[in-house]
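[1] missing the sequence, but the structure's below:
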């Protein structure tokens, strides 16, 4: 029995197991041999009956190595770039995040933090922490600084007034330690605010998205478990809501002088996990049959060389026999190979030359954008979601 990393409950239950999956989904790999020889690990996901938190009990942080070959950038997509623009405007205008020292935990390549600091009228300064950051250490006349390392207790010398953390906490096996460290970074202010974004495990389970369980995401939150986590760390949670078509949770919280009452509620997690387990195997089999049927009319590709696409390919086409390639708009990924199966990553403009007749969309939220790109290029292909 594994105790819950969020609420310490021992009432936990394993519901999903997969063996020898690639531990990295967003590594950019230069050769098929390297892609097939990636480090592997196991999935053994459990849920907490008390707070609804979902976590990989087999996770080993020592297997992971984030560096300059790691690329989970999504803003090569115009749709996603517009989403980030809107999120930044919300923080600057509606939440009045101005004249602040902003720390971004896990800033990636720094594009979102730049959106918060670059407008001169914001008067903000920013510090980004991420081992995979690539670029200058200081920019915008010193108002924006980056450090190529994990955010930890030794980073709390930066006296933050606001902390932003997007799509990081799901990578952390001990989320309470991270949130407590964030609290330390805000200790010098009475108005400290935090803004966290993370995938919603209830959305994943309810929609049977089998390719959204993978090794890097060892900690998956429901609305209730995210609230419990921050309350235990000494924050008052103002709101937890769904964004990005329901796929993500967006949480806003503030420091409290005294410890708040901690709420726990597992919600529908138990029933959702049972339903997911009942359909997982049949869905993997059905997708394999669907792709095999599509391949009778021509080559088949999948669109999206991020975590979803990599996980999907490793689930349904481990031997690289059904799927011809993976399409991605990120030029840094094109010409390389995905971890595990070593499917090649290509630009969508290569669809006609490769004889591709059908493309499976890994995230239908991008469908309209993808259709627009294909129309502009004069490419006709069947899109499957």
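    Right, received. Where do you want to start? Note that the structure is predicted; figures quoted are calculated from it, not measured.
[2] what's the average pLDDT for stretch 23-31?
    Averaged across stretch 23-31, pLDDT comes to 89.
[3] Name the residues of it that come out as buried.
    Going by neighbour count (16 or more other Cβ atoms under 10 Å), the buried part of stretch 23-31 is 23-29. The C-beta positions use only the backbone N, C-alpha and C, and glycine is treated the same way.
[4] wait, which of those residues is closest to residue 208?
    Taking Cβ to Cβ as the measure, residue 208 sits nearest to residue 25 out of those, at 19.2 Å.
[5] what's the following helix or strand after the helix or strand that contains residue 372?
    Per DSSP states H and E, residue 372 falls inside helix 367-377. Later in the chain than helix 367-377, the nearest helix or strand by DSSP H and E is strand 382-384.
[6] which SS class is residue 308?
    Per DSSP: H, G, I helix; E, B strand; the rest coil, the secondary structure class of residue 308 is helix.
[7] I'd say it and residue 363 touch.
    Yes. If you go by Cβ atoms under 8 Å, residue 308 and residue 363 touch, sitting 6.0 Å apart.
[8] If you count surrounding residues, which of the two has more?
    residue 363 (23 against 19; other Cβ atoms under 10 Å).
[9] residues touching that one, list them.
    Contact analysis of residue 363 by Cβ atoms under 8 Å, 6 or more residues apart in numbering lists 304, 308.
[10] Mind listing what's buried along the helix holding residue 372?
    Result for helix 367-377 [16+ other Cβ under 10 Å]: buried residues 370, 373-374.
[11] hmm, back to that, can you name the two of the buried residues of stretch 23-31 that are farthest apart?
    Farthest pair in the buried residues of stretch 23-31 (Cβ to Cβ) is 23 and 28. Separation: 15.0 Å.
[12] Could you pull out the helices in the stretch 251-385 of the chain for me?
    Secondary structure of the stretch 251-385 of the chain (DSSP state H, counting those that start in this stretch): helices at 269-294, 307-316, 367-377.
[13] The longest one versus helix 307-316: what angle between them?
    Think helix 269-294. Interaxial angle of helix 269-294 relative to helix 307-316 (axes from the mean of the first three to the mean of the last three Cα atoms, to 10 degrees): 70 degrees.
[14] change the start of the numbering to 24 and stick with it
    All right, first residue 24 from here; so that's helix 292-317.
[15] Low-confidence ranges, the stretch 174-323 of the chain, go.
    Along the stretch 174-323 of the chain, the parts satisfying pLDDT under 70 run over 282-283.
[16] 80 - rerun?
    Filtered on pLDDT under 80, the stretch 174-323 of the chain yields the residue ranges 211, 213-214, 279-284.
[17] Which parts of the stretch 74-223 of the chain are helices?
    With helices called from DSSP H, counting those that start in this stretch, the stretch 74-223 of the chain shows them at 101-112, 134-140, 198-208.
[18] Kindly reformat those as CSV containing mean neighbour count and distance to residue 297.
    CSV is the format used below for those (neighbours: other Cβ atoms under 10 Å; distance: least, Cβ to Cβ, whole Å):
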stretch, mean neighbour count, distance to residue 297
helix 101-112, 15, 33
helix 134-140, 22, 37
helix 198-208, 20, 25
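[19] Report the beta-bridge partners for residue 325.
    Following DSSP bridges, residue 325 is listed with bridge partners residue 349, residue 383.
[20] Make sure it is actually in contact with residue 347.
    No. Counting by Cβ under 8 Å, residue 325 sits too far from residue 347 to count as a contact (9.2 Å).
[21] So between those two, which is more surrounded?
    residue 325 (28 against 25).
[22] which ones are touching the closest residue to residue 306 other than its chain neighbours?
    In this structure, residue 306 finds its nearest non-sequential neighbour in residue 233, 5.2 Å apart by Cβ to Cβ, 6 or more residues apart in numbering. When contacts are counted by Cβ under 8 Å, 6+ apart, residue 233 touches 303, 306-307, 335, 338.
[23] Could you count how many residues lie near residue 33?
    As a burial measure, residue 33 scores 11 neighbours (other Cβ under 10 Å).
[24] For it, grab phi and psi.
    Main-chain torsions, residue 33, degrees, to the nearest 10: phi -100, psi 10.
[25] can you check the one 5 residues further on too?
    According to degrees, to the nearest 10, the main-chain angles of residue 38 amount to phi -130, psi -20.
[26] now swap in residue 133 and tell me
    phi 90, psi 10.
[27] now do residue 132
    phi -90, psi 0.
[28] Would you agree it is in contact with residue 96?
    Yes. Counting by Cβ under 8 Å, residue 96 is a contact partner of residue 132 at 5.7 Å.
[29] Would you mark the buried spots in stretch 81-91?
    For stretch 81-91, the neighbour count (16+ other Cβ under 10 Å) marks 81-82, 87, 89 as buried.
[30] Identify the residues contacting it?
    Stretch 81-91 has contacts (Cβ under 8 Å, 6+ apart) with 46-47, 62, 64-67, 153-155, 157, 196, 238-239, 241.
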